[in-house]
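Asks: Got a predicted model here, sequence first, then my questions.
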Amino acid sequence: MSDLAHPAPEDEPALDWREGGVPVSRDFDDPYFSLAGGLEETRHVFLAGNDLPARLVPGFHVAELGFGTGLNALALAQVAQVPVRMTSFEAFPMTVPQLARAHAAFPALADLSAQLR
């Protein structure tokens with residue numbers, strides 16, 4: 001288990017950082033969240049696009065491919081009024097310091113982000 005908590009440098013995603021603290025994958029030239037507002041994008045596409053706030057009931061289970069920075073999980077946790085299960089798969093997980101740097105872009109989620117990390 002300790003290997004999962006501390007990946008070797010070659011296992012870490014290679015990232016560039018854009019203005020506003022947006023991580024961008026060097027391997028895929030793909031931002032982890034919108035350059036124009038990641039949390040707003042997540043709320044619109046993930047939460048509203050799936051009508052999640054209205055559909056959340058005890059036992060609801062969300063599954064996703066691509067955990068990224070965990071922004072979907074954080075936005076979901078912020079609106080959930082009942083316990084929700086979430087399963088996510090990530091081929092290139094960020095390190096805790098990388099997550100902390102990405103999460104700094106969302107001060108409104110600071111408490112939840114710290115719990116996630």
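Replies: That came in fine, so what should we check first?
Asks: can we go C-alpha only for contacts and neighbour counts from here?
Replies: Fine.
Asks: List of residues touching stretch 31-39?
Replies: 18, 20, 22, 23, 24, 25, 41, 68, 69, 71, 75, 106 (C-alpha atoms under 8 Å, 6 or more residues apart in numbering).
Asks: Quick check, central residue of the protein?
Replies: residue 70 (1.6 Å; C-alpha atoms, centre = their mean).
Asks: that older thread, out of the contacts of stretch 31-39, which one has the weakest pLDDT?
Replies: Of all the contacts of stretch 31-39, residue 20 has the smallest pLDDT value, namely 89.
Asks: list the contacts for that residue?
Replies: Contacts of residue 20 by C-alpha under 8 Å, 6+ apart are 35, 105.
Asks: That one sits in which helix or strand?
Replies: For residue 20, there is no host helix or strand (DSSP states H and E).
Asks: quick one: it and residue 61, what's the gap?
Replies: 32 Å (C-alpha to C-alpha, to the nearest Å).
Asks: ok, now residue 14?
Replies: Taken as C-alpha to C-alpha, the span from residue 14 to residue 61 is 31 Å.
Asks: more neighbours, these two?
Replies: Using other C-alpha atoms under 10 Å as the criterion, residue 14 and residue 61 rank with residue 14 on top: 15 against 12.
Asks: Identify the residue nearest that one in space, chain neighbours excluded?
Replies: Of all residues not flanking residue 14 in the chain, residue 26 sits nearest, at 5.5 Å (C-alpha to C-alpha, 6 or more residues apart in numbering).
Asks: What values do phi and psi take at the one you found?
Replies: When read as degrees, to the nearest 10, the backbone of residue 26 gives phi -70, psi -30.
Asks: Give me the neighbour count for it.
Replies: 13.
Asks: Residue 60 contacts residue 87, doesn't it?
Replies: No: with contact defined as C-alpha atoms under 8 Å, residue 60 does not reach residue 87; the gap is 11.2 Å.
Asks: where's the residue nearest to residue 109 when sequence neighbours are not counted, which helix or strand?
Replies: Counting by C-alpha to C-alpha, 6+ apart, residue 109 lies nearest to residue 74, which is 7.0 Å off, once chain neighbours are set aside. In the assignment (DSSP H and E), residue 74 maps to helix 71-79.
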